[in-house]
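>>> Would you be able to build a 3D model of this:
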Amino acid sequence: TLTALGVSNETAAALERYSLNGNDCIDFAVRVANALAPAGLQVPARSAVDTPRTYLEKLIAANP
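From the prediction side, this is the model:
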């Protein structure tokens, strides 16, 4: 991305990094669930120790 803007490869390699915070599968599930919340879907809070499986289990349990 940065090299397309004219930044050298060496500088771009040092500046670009992937951040999992805010870009993980649980965040994706929460965004999808929040889109359905107006229709009545209950969206549980995410904890710092939730794995994708445990969060989806919480989501399922909140919506019997």
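>>> just checking, Asn34 touches Gln42?
No - with contact defined as C-beta atoms under 8 Å, Asn34 does not count as touching Gln42 (11.0 Å). The C-beta positions use only the backbone N, C-alpha and C, and glycine is treated the same way.
>>> Pull up the gap between Val7 and Ala14, please.
Using C-beta to C-beta, to the nearest Å, Val7 is found at 10 Å from Ala14.
>>> and the residue most central in space within the chain, how far is that from Asn34?
The centre of the chain sits closest to Asp27, judged by C-alpha atoms, centre = their mean, with a distance of 2.6 Å. Counting by C-beta to C-beta, the separation of Asp27 from Asn34 is 10 Å.
>>> returning to what we had before: between Val7 and Ala14, which one's more packed in?
Taking neighbours as other C-beta atoms under 10 Å, Val7 and Ala14 compare with Val7 leading, 15 against 11.
>>> and that one, helix, strand or coil?
coil (DSSP: H, G, I helix; E, B strand; the rest coil).
>>> Tell me both backbone torsions, phi and psi, for it.
Torsion angles at Val7 (phi, psi; degrees, to the nearest 10) stand at phi -80, psi 140.
>>> do the same with the one 4 residues further on
Backbone torsions of Thr11, given as degrees, to the nearest 10, read phi -70, psi -40.
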